[in-house]
Structures are given as C-alpha cells and as structure tokens.
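Asker: Provided below are the primary sequence and the corresponding predicted coordinates.
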Amino acid sequence: MVAVRYETAFKLYPYEKVAAQTGAVQRHPVVIVGGGPVGLALALDLGKKGTPALVLDDHDGAGLGSKAICFAKRTLDIASRLGASASMVDKGVVWNVGKVFHGDGNLFKFDLLPESGHRNPAFINLQQPYFERFLVDEIRNAQNAGAPIEIRGRNSVSSMTQHSDYTSLDIETPDGPYQLEADYLIACDGARSSIRDMMGLSFDGRVFEDNFLIADVEMKADFPTERWFWFEPPFKNSGQSALLHKQPDDIWRIDFQLGWDIDRDKELDPERIRARVDAMLSSQAGSVPEYELHWTSIYTFQCRRMDTFRHGSVLFAGDSAHQVSPFGARGANSGVQDAENLAWKLDLVLKGLADDSLLDTYATEREFGADENILNSSRATDFMTPKSKVSKTFRNAVLDLAGRHAFARPIVNSGRLSVPCTYDGFDLFGPDALSGPKVTRPGATCPDAPVKEGYLLDHLNSGFHILSIGEDASKPVTSNGITANVVQICTPSEELRTRYLGDEPQAVYLIRPDQHVVARWPSFDEKAVADALSNSIGKGA
Amino acid sequence: MSLILEPNIPDPDGFYDELLRAHEGLTDDESEAFNARLILTLCNHIGDREILRAALEAAK
C-alpha cells in the first residue's frame, strides 16, 4: 500500500514493476529518497558523472500546488551545467521592476538592472512542477545516452536499518514490499522527512506565529510583469503585508499575511478570498480585472535545521535538513546547492578517489549555507512582522523615510534574493595568492562572464578546472588520480577582467566541480596547484 | 559637506539587526530613552550644525 498524499501536476515516473522486487536483495551505491528538485538534481549530476543513482519517490510525478516559484541565478547555472536550464529560462518569467507600497502610498520603485555578461538571468519565476519536469526530461536524455540513473515511482520507504557501512530499506509498492540496500542513503524527502523521523533525529528552530494565505489566480488581462509588495496594505482585511507577482501560464501569485489568530476554514472561503483579491487588484488598476482562482492555501512556516546533515552513511539534503521562511526564495535554491555540493564529493568517494571523510565537508559547508539562509530569511520576516513596539516604530520610520530618501531603501526588507554563500576560511580552500577581486576569492562561486563564443561557466562543467587568464599558458595538473584541465583565456572580456583580474594583468584559478573557487595565484605554479587540488579533496597539501 | 541621503551603511541588514537587538528586553519607556541617548551620541559625532539642521529637516 502506497498512500497518495497529494495530487500530481505532471506524471513523470509512473510505477513500473522491476525485477529487483522479486529477486535477491540488491545493493546500490546511492539511493536517493524523494524525487523533488533536490533529489532529481543530485541523481542527474551523479548519473552524468557515471555514478549510479536510484531515486525512490512515493508518488509518480511532480506534486501540484504551492511550492517553490522563484529560481535564482545560481540554481539556473547549476541547471545549465546539468543541461536542463534552457527550457526553464524559456518557460520562466523574468521580471526586473518592483514596487513597494506602504498603506495607500507608493513608496518607491526599483529596477534590478541585471548585471551584464551572464548567460542566466538573476532569477526566474517558474512553478516547481515545471522545474521538476525539465530535470526529469534531462534525466531521460542522460539515460538514453547511458547515464546510470533510475527513478522508481510509487516506491515508498516503510522502514530502514542503518548498519556500519550501509543501510537496508523496506520498500512498499503497489505490488507489495521488497528490500534493497544502499551504500549511501540521501534523504531528499522534504521538510516532513520520513527518513529523519524513522531515525528519530530532531529538527529544531523557530516557529513564526503567522499565517499566509496564498491565492494563485489566472488572469488574462494585461497586467504589468512587476513585483508589488505592500506593507500594511490599505485594502480591507488584507493583513500585515501582501505580495503580487507573476508566474508562467498567466498565473499570478498573491500572498496575504494574515497574522496568527485566524479561522482557517473561514479564510479559505472562496468568496472571502475573492473579496481580498478584488480589493488588491483594483487598488492600482481602478477596477477588478477578470480572473479565476486557480489554487488557494494557508501556510505557516518555521526556520529550523538539523544539528548535522550527515549521520554515517545517511546524508540529508534540502528541506529535510533545513527549512526557511519563503522570503528570499532560499528553500529550493539552497537545496539544489546542497545537491551540487554532495554530487561531486559522493562521486569521488565512490570511485575511490577521495576518502569517505570528504563527505563530512558536505555537512559543514552546507550547514554554514543553511545558517546564512535562515539568518537572511529571519531578518526579512522580522522586518515584515515587527515583534515589539520599538521594532515597529523603526520599521515604519524606515518605510516613511524610504519614500523620500534613497538611503533608507536598502534597509527595506521584503526578502533578500537567494545568493550562494562563500566558504570563507573553510578547510578545502586556499591559498589566495592573488590580489584579485573579492567576488572571486577562494570559497566563492564563479560568477559568469562572456568568453569567445559563449560564457565562462560553460567551460567549467566537467570536474576540476584550472582557469588561466592571460598570455602565460598553464598546463593540466594531476594529483591523487584527479586531473584538473586548463581553460585558457588569452584575451579576457571586460566583464571577465572585472570579475577575475581586477588590477592584475593575469591570474590562475583552481575551480571545483561545483564551480566554487578553490585557490588563485598571479601565475601558474604546478606544485602549488597540485597541493591546492589535493587539499580540496581532503587529502592535505 | 552636506547631509548624506544616499545609502551609506555597509551591510544594512546586519546593521538593522544590531539596532533592534540593542532594544531587546527593554520596556517601551526604556527603548524611548535609549533612542534619545543614541540620537544625542550620533549628533555629537556629527558635530556640524549645518548638517544637524539638515537632518532635523530630512526626518520631518
């Protein structure tokens, strides 16, 4: 018996009986529980490196409803590396203009003016089911090209036993139970992770006493592609804040922050929701455009994380490991970064090129990332919902000043968009021997830049790389059986120069498979690069 | 030099967080008194009467 917990938007991996359900128990190098954005990205990344990945999902496709809708540049850059971004960017909505309102007043308008020289936009709005579908499309392409990836739909883990170096799993299917074993079990099974529960692990943090009403409305009318955010909206019964922004397929996401003491059933009455939406839409347009309620829900949220993301051969990634408030789009985006961090490390460990202890750095690096995300989303939440009289006084002072003076605008916080963290001072990075720009210091992700015939990140997509900028040629370096190949750029574009050279005439960068800078130097030194490469896989210099 | 009304605080979110933390645990009266002390301290740092007058105007 496999319980159906939600409706699916797309059927992506229908149940099929496999031989393993009746034969002897099979051992898999990597079993991923959960076929959401994190599990799918991890499976695709591993499979493309030639490491087998089995995904188990208790449904047969992407769940319908309110999930991630904003995918940031880093996620799109990862999807580009995995070959899945073109359809995402094509389908997604790109917006640059935002308006901030306080009560009746239009405080200010901002234009994000995207930085030039990046393949991908700063972010796109795209419903999560599409994101999952495009990943599965690319998994199918990879499978056809021989990548060892398998997805088993309607396979639900009913119990597990952790042994010293593997985990055995009992799986339920529509044809009854079977067992399998995993060298590494990766729990990508969401905020209500059943793996975490089965292991009895805690998931502590801060509960925010607030309810958010979401209404996805379908509106054919011509309405600007802008993000509108209200503090203390003037329309009746609309709560403390309200947000309007656009998704593909003429769907608009509307959020109302209702407070803590509400009657959920009453608030979900379609008539009541329509009254709110009417008031919001007519507040700017003067009249109510024609629309349909597509989907509605009320949610509360928490910011919490597991103490550690690694428990022996079981590792947690995405919402199962950490949960943030939705402001700033840090849930799915950070989860996909978890997947990317874990993929190359698991791959090296399973190929015998790195020690199992390399996986400890997955936990330490991504726990740091989770803390940064929780901090940022908590700050946004505190700004939107002041918790004391004095914090409300300050908040409203900031809003008041922001309408008149530019200086107060950067303090206005309705969510800071997800950007990847920089692993400053972490073990696997360094040295920083170049007086280069801060943005590309060791630990940072590589910013994109135009190069001859395309973009820099397209050239940093298969393992370790030596990025060599300037006339002096570098050569490939091998350490511990791992080779870093050279990407030589003799005549850098203006953007590449600004982002990677600053005032320096030339530079040599060592870059990890997840496109984080390991180390950088003013010139090529084979031994220095070999030492940094060795250190970056946890084998010391 | 004139009153700066363009963004001038590095890491504005971190600053705002620190400002509110300074008020944690204070009663409303204590917060008000704290704010008054903070304003006077900052005014002394600025010193320039022209700028202080411009700030009084900007905050109205």
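Answerer: Yep, that arrived. Given the structure is predicted, the values throughout are model-derived calculations rather than measurements.
Asker: Spell out, range by range, the helices that occur in chain B.
Answerer: For chain B, the helices defined by DSSP state H occupy B:12-21, B:28-46, B:49-58.
Asker: B:Met11 - how many residues pack around it?
Answerer: Small correction: residue B:11 is Asp, not Met. 10 (other Cβ atoms under 10 Å in any protein chain shown). Glycine gets a C-beta too; all of them are placed from N, C-alpha and C.
Asker: do the same with B:Gly14
Answerer: 12.
Asker: And it, how close does it get to chain A?
Answerer: Distance, B:Gly14 to chain A, using Cβ to the nearest Cβ, to the nearest Å: 9 Å.
Asker: quick one, what contacts that residue?
Answerer: If a contact means Cβ atoms under 8 Å, 6 or more residues apart in numbering or on different chains, then B:Gly14 has no contacts.
Asker: Where do the strands of the stretch 101-250 of chain A begin and end?
Answerer: Along the stretch 101-250 of chain A, counting by DSSP state E, counting those that start in this stretch, strands occupy A:105-111, A:123-125, A:149-152, A:156-162, A:167-172, A:178-187, A:204-218, A:227-231, A:241-247.
Asker: Adding distance to chain B, mean neighbour count and mean pLDDT, write these out as TSV.
Answerer: Formatted as TSV, those follow (distance: least, Cβ to the nearest Cβ, whole Å; neighbours: other Cβ atoms under 10 Å in any protein chain shown; pLDDT from 0 to 100):
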stretch	distance to chain B	mean neighbour count	mean pLDDT
strand A:105-111	12	14	88
strand A:123-125	19	24	93
strand A:149-152	40	22	98
strand A:156-162	39	17	97
strand A:167-172	41	20	98
strand A:178-187	31	22	98
strand A:204-218	14	17	89
strand A:227-231	15	23	92
strand A:241-247	17	22	92
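Asker: returning to what we had before: any idea which of the helices of chain B is most buried?
Answerer: helix B:12-21 (a mean of 15; mean count of other Cβ atoms under 10 Å in any protein chain shown).
Asker: Pull the CA coordinates from it and hand them back as CSV.
Answerer: Extracted in CSV, the C-alpha atoms of helix B:12-21 (Å, rounded to 0.1, in the frame of the first residue of the first chain):
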residue,chain,number,x,y,z
PRO,B,12,22.3,47.4,6.0
ASP,B,13,20.5,44.2,7.1
GLY,B,14,23.3,43.4,9.6
PHE,B,15,23.1,47.0,11.0
TYR,B,16,19.3,46.9,11.3
ASP,B,17,19.5,43.6,13.1
GLU,B,18,22.1,45.0,15.6
LEU,B,19,20.0,48.1,16.1
LEU,B,20,16.9,46.1,17.1
ARG,B,21,19.0,43.7,19.2
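Asker: What angle do helix B:28-46 and that helix make with each other?
Answerer: Counting by axes from the mean of the first three to the mean of the last three Cα atoms, to 10 degrees, helix B:12-21 lies at 130 degrees to helix B:28-46.
Asker: Give me the pLDDT for the residue positioned nearest the centre of chain B.
Answerer: Nearest residue to the geometric centre of chain B (Cα atoms, centre = their mean): B:Ile39, 5.3 Å. At B:Ile39, the model reports a pLDDT of 98.
Asker: do the same with A:Phe256
Answerer: For A:Phe256, pLDDT reads 93.
Asker: So for the host helix or strand of it, what gets flagged as buried?
Answerer: A:Phe256 is part of strand A:251-259, with elements assigned from DSSP states H and E. Residues A:251-258 are the ones in strand A:251-259 that count as buried (16 or more other Cβ atoms under 10 Å in any protein chain shown).
Asker: Next: stretch A:527-541.
Answerer: Under 16+ other Cβ under 10 Å, the buried positions of stretch A:527-541 are A:528-539.
Asker: Kindly report the same for stretch A:433-443.
Answerer: A:433-434, A:436-437, A:440-443.
Asker: how much space between the residue nearest to the centre of chain B and A:Asn155?
Answerer: 63 Å (Cβ to Cβ, to the nearest Å).
Asker: Point out the residues in chain B that sit beside chain A.
Answerer: Residues of chain B lying near chain A by Cβ under 8 Å from any Cβ of the partner chain: B:4-9, B:12-13, B:15-17, B:19-20, B:23, B:26, B:28, B:31-32, B:35, B:58-59.
Asker: Stretch A:78-89: end-to-end distance?
Answerer: 13 Å (Cα to Cα, to the nearest Å).
Asker: what's the offset of that stretch from the middle of its chain?
Answerer: In terms of Cα atoms, centre = their mean, to the nearest Å, the centre of stretch A:78-89 is set 13 Å apart from its chain centre.
Asker: What residues of that stretch count as buried?
Answerer: A:78-85, A:87-89.
Asker: between those, which is nearest A:Ala53?
Answerer: In terms of Cβ to Cβ, no member of those lies closer to A:Ala53 than A:Leu82, at 12.7 Å.
Asker: Return the distance of the closest one relative to A:Asp45.
Answerer: 6 Å.
Asker: What of A:Asp525?
Answerer: Going from A:Asp525 to A:Asp45 by Cβ to Cβ gives 31 Å.
Asker: Find the residue at the geometric middle of chain A.
Answerer: A:Asn333 (1.4 Å).
Asker: How many neighbouring residues does the residue nearest to A:Glu290 when sequence neighbours are not counted have?
Answerer: Computed as Cβ to Cβ, 6 or more residues apart in numbering or on different chains, the closest residue to A:Glu290 that is not its neighbour in sequence is A:Ala221, at 6.1 Å. A:Ala221: 13 surrounding residues under other Cβ under 10 Å.
Asker: Any figure for the gap between A:Ala221 and A:Ala285?
Answerer: As judged by Cβ to Cβ, A:Ala221 and A:Ala285 stand 8 Å apart.
Asker: What of A:Ile139?
Answerer: 42 Å.
Asker: out of these two, which sits in the busier spot?
Answerer: Taking other Cβ under 10 Å, A:Ile139 and A:Ala285 do not tie; A:Ile139 has more neighbours (28 against 13).
Asker: What does the pLDDT read for the more buried one?
Answerer: pLDDT for A:Ile139: 98.
Asker: Same question for A:Ser418.
Answerer: pLDDT recorded at A:Ser418 is 84.
Asker: who touches it in this structure?
Answerer: A:Ser418 neighbours (Cβ under 8 Å, 6+ apart): A:70, A:72, A:74-75, A:123, A:328-330, A:333-334, A:373.
Asker: And those, which two are furthest apart?
Answerer: Across the contacts of A:Ser418 (Cβ to Cβ), the longest gap, 15.0 Å, separates A:Phe123 and A:Asn373.
Asker: is the top helix by length along chain A anywhere near chain B?
Answerer: Ranked by residue count under DSSP H, the longest helix found in chain A is helix A:358-384. Yes - residues of helix A:358-384 contacting chain B under Cβ under 8 Å from any Cβ: A:376, A:379, A:382-383.
Asker: So among those, where is pLDDT lowest?
Answerer: A:Asp382 (89).
Asker: how many neighbours does it have?
Answerer: Counted with other Cβ under 10 Å, the neighbours of A:Asp382 add up to 19.
Asker: about what we covered before: go through the buried residues of strand A:251-259 and say which is closest to chain B.
Answerer: Of all those, A:Gln257 has the smallest distance to chain B: 19.1 Å, by Cβ to the nearest Cβ.
Asker: show me the contacts for that closest one.
Answerer: Residues in contact with A:Gln257 (Cβ under 8 Å, 6+ apart) are A:210-212, A:239-242, A:384-385.
Asker: Out of these, flag the one nearest to A:Leu510.
Answerer: Among the contacts of A:Gln257, and counting by Cβ to Cβ, the member closest to A:Leu510 is A:Met384, at 41.3 Å.
Asker: Can you classify A:Ala24 by secondary structure?
Answerer: Put simply, A:Ala24 is coil when judged by DSSP: H, G, I helix; E, B strand; the rest coil.
Asker: Look at it and report its pLDDT.
Answerer: 94.
Asker: Show the residue spans covered by the helices in chain A.
Answerer: Counting by DSSP H, the helices of chain A are A:37-48, A:73-81, A:85-91, A:128-144, A:194-198, A:264-267, A:270-285, A:331-350, A:358-384, A:389-404, A:494-496, A:526-536.
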